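Q: Below are the sequence and a predicted model; questions follow.
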Amino acid sequence: MIEREREYLYLLCRTKGLGAVTIRRLWEEVGSFEAIYYIEETEREEALPALRRVMGRIGETRKAQGKLLEQYHSFSARGIQFITPFDSIYPDKLKEIYDYPMGICVKGRLPGQDCPAAAVVGARENTEYGRGVAEWFGRELSEAGVWVISGLARGTDSAAHRGALAGGGRTAAVLGNGVEICYPWENRDLYREIENRGCLISEFGPWDNPAPCNFPMRNRIISGLSDAVVVVEAREKSGSLITASFALDQGREVFAVPGRRTDPLSVGCNRLIKSGAQLADTPEDVLEILQIKNRKITQLQEKNGKGLAKKEKMVYSCLDLQPKFLDEIVRESGIPVGECMGILLELEWKGYAVRTANQYYGKKL
């Protein structure tokens with residue numbers, strides 16, 4: 001695509017009320033983004049009825065054209081790429097969905113076309129257990145070479161990104177605002193780390209502030225970039241359920257982490273499972289569907305508590321890949337809480353256990 005056409009596509013993408021599907025259909029009819037942008041009123045009315053609803057809005061974009069193009073020409077200096085479906089690095093997975101964006105702004109490096117990817121999403125106001133599970137899934141998927149996709153929101157999203165980075169792999173944050181805006185501000189350090197070790201993606205203008213209507217739109221991109229979507233915690237009405245719905249429509253695998261029947265944050269996940277979503281008990285469930293063998297599972301099976309003292313083996317045998325709360329480990333092992341905490345610390349030092357959240361422990365792969 002020549003640069004002039006790219007500029008006009010960017011202007012059309014910044015036109016409020018002109019969606020990706022409409023832009024694509026108009027381009028298929030007209031064959032030029034510049035021609036769409038400057039088409040005469042009469043032609044709009046007679047030849048392109050799809051433009052009738054938005055021709056006034058294109059007029060508004062024309063008024064702001066100078067400022068928009070000035071911003072566009074600053075992208076390179078700011079490390080922003082405007083990537084279109086005509087570019088070879090535009091994600092193939094994203095082009096599979098019906099309403100794929102006609103342009104995305106990216107800071108960082110996009111996943112390779114053949115890289116497996118899984119979204120880990122869930123409640124913003126989640127529990128310590130949910131944060132631990134999200135971080136665990138993010139870390140284990142990352143260590144197996146899977147890109148972890150999420151939305152940089154508080155709670156589950158942030159935990160999944162941190163887990164992925166801790167696993168030494170890469171993660172992509174799909175934003176409900178522009179890539180030059182960090183939201184929430186408390187995630188600014190995470191935002192910078194993701195830019196350096198993964199990528200930030202948005203179909204909105206780089207300086208667009210977050211708005212409630214933006215987040216369902218970005219959710220379709222989260223699922224569209226992924227081979228599978230894992231929901232960790234979700235209330236009965238949750239944005240992560242919107243992501244799961246998009247994933248089903250897009251033909252992606254949907255997983256849900258089960259929870260207690262009486263927990264409001266488990267209602268959404270349990271209903272997903274009841275409706276046919278796959279149960280995600282461990283990250284290996286997701287890796288199996290993605291046909292990725294985690295070599296560390298074999299190492300874990302070979303390790304199996306060798307070289308541990310008697311009580312260390314007792315505590316280790318109570319651990320699982322899914323982290324458990326300290327009280328549960330104390331109850332199962334029959335070892336007093338103070339002594340049990342000391343043994344768990346020793347197991348951490350020896351590389352047999354991992355603490356994923358406050359007083360949650362699991363087997364280290």
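A: Ah, there it is.
Q: What ranges does the stretch 201-350 of the chain have for its strands?
A: 228-231, 253-256, 278-279, 324-325 (DSSP state E, counting those that start in this stretch).
Q: Which among those is found nearest to residue 205?
A: Set against residue 205 and scored by C-beta to C-beta, these come closest in strand 228-231, at 26.6 Å. Yep, even glycine has a C-beta here, placed from its N, CA and C like the rest.
Q: Check which helices and strands the closest one is in contact with.
A: Counting contacts by 3 or more C-beta pairs under 8 Å, 6 or more residues apart in numbering; DSSP states H and E, strand 228-231 is packed against strand 117-121, helix 239-249, strand 253-256, helix 267-274, helix 283-289.
Q: isn't residue 318 right up against residue 333?
A: Yes - counting by C-beta atoms under 8 Å, residue 333 is a contact partner of residue 318 at 4.9 Å.
Q: The residue nearest to residue 281 when sequence neighbours are not counted: what's it in contact with?
A: Distances taken as C-beta to C-beta, 6 or more residues apart in numbering place residue 322 nearest to residue 281, at 6.3 Å, with adjacent residues excluded. The neighbours of residue 322, taking C-beta atoms under 8 Å, 6 or more residues apart in numbering as the test, are 133, 136, 281-282, 362.
Q: And residue 33, by the same measure?
A: 5, 8-9, 12, 23, 27.
Q: Restricted to helices, list the residues you listed.
A: 5, 8-9, 12, 23, 27 (DSSP state H).
Q: how far away is the spatially most central residue of the chain from residue 363?
A: Nearest to the mean C-alpha position of the chain, by C-alpha atoms, centre = their mean, lies residue 150 at 1.7 Å. As judged by C-beta to C-beta, to the nearest Å, residue 150 and residue 363 stand 24 Å apart.
Q: In a markdown table, list the helices and strands packed on strand 228-231 along with distance to residue 90, mean pLDDT and mean neighbour count.
A: Listed next are the helices and strands packed on strand 228-231 as a markdown table, based on distance: least, C-beta to C-beta, whole Å; pLDDT from 0 to 100; neighbours: other C-beta atoms under 10 Å:
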| stretch | distance to residue 90 | mean pLDDT | mean neighbour count |
| --- | --- | --- | --- |
| strand 117-121 | 15 | 97 | 31 |
| helix 239-249 | 19 | 89 | 22 |
| strand 253-256 | 23 | 94 | 24 |
| helix 267-274 | 30 | 89 | 20 |
| helix 283-289 | 25 | 93 | 20 |
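Q: would you turn the ones you listed into TSV with distance to residue 222?
A: Below are the helices and strands packed on strand 228-231 laid out as TSV (distance: least, C-beta to C-beta, whole Å):
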stretch	distance to residue 222
strand 117-121	5
helix 239-249	6
strand 253-256	12
helix 267-274	16
helix 283-289	15
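Q: Of all the ones you listed, which one comes closest to residue 62?
A: Per C-beta to C-beta, nearest to residue 62 of those: helix 239-249, 33.0 Å.
Q: now that closest one and strand 117-121, what's the angle there?
A: Angle, helix 239-249 to strand 117-121, by axes from the mean of the first three to the mean of the last three C-alpha atoms, to 10 degrees: 150 degrees.
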